[in-house]
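K.L.:
sharing a sequence plus its predicted fold:
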Amino acid sequence: MTGIMGLGRKSDVVLALRDADVVAAALRQALAEAPPQERPGLERAAALVESTAAATEDQLRARWVHARLAAVGFTGDIASVAAVRALRQAEPRLSLLAAVQLQKDAVAHPE
């Protein structure tokens, strides 16, 4: 097979995946079965997962944008054209429209 159809094209769709509920369930199960000395760490981990799971899709996309920009070394103004350019450099398959929409999420939800 040469590839999945459509993956070589620019994309206007960014899908936010959430599996925090699966992780939270696994932590709750581990907590229920944990010996007393392991409980504090598991309780802290469960609290972190729950707080992360409470993030909106806009916040998740904003975090992703901030992480991608940091990965390419961008330190400028997130609202700038240079930020869109850096995001598209980090993720070449993003269309201009998708990059601008993601930038708006990042501006609305600074780190």
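P.N.:
Thanks, I have the structure now.

K.L.:
so where do the helices sit in the protein?
P.N.:
Assigned by DSSP state H, the helices in the chain fall at 20-33, 39-53, 57-71, 81-90, 96-108.

K.L.:
average pLDDT across the first one?
P.N.:
In this model, helix 20-33 has an average pLDDT of 89.

K.L.:
ok, the last one next?
P.N.:
For helix 96-108, the mean pLDDT works out to 93.

K.L.:
check the offset of it from the chain's centre.
P.N.:
Offset of helix 96-108 from its chain centre (CA atoms, centre = their mean, to the nearest Å): 13 Å.

K.L.:
wait, residue 63 touches residue 56, no?
P.N.:
No - the pair residue 63 / residue 56 is not scored as a contact, 10.6 Å apart, by CB atoms under 8 Å. (Glycine included, C-beta is placed from N, CA and C.)

K.L.:
for residue 30, see how far away residue 56 is.
P.N.:
Computed as CB to CB, to the nearest Å, the residue 56 to residue 30 distance reads 27 Å.

K.L.:
look at those two and report which has more neighbours.
P.N.:
Applying other CB atoms under 10 Å to residue 56 and residue 30 shows that residue 30 carries more neighbours, namely 14 against 11.

K.L.:
and that one, how close does it get to residue 52?
P.N.:
Distance, residue 30 to residue 52, using CB to CB: 17 Å.

K.L.:
ok, now residue 72?
P.N.:
Going from residue 72 to residue 52 by CB to CB gives 24 Å.

K.L.:
neighbour-wise, which of the two wins?
P.N.:
Using other CB under 10 Å as the criterion, residue 72 and residue 52 rank with residue 52 on top: 15 against 11.

K.L.:
contacting residues for that one?
P.N.:
Contact analysis of residue 52 by CB atoms under 8 Å, 6 or more residues apart in numbering lists residue 20.
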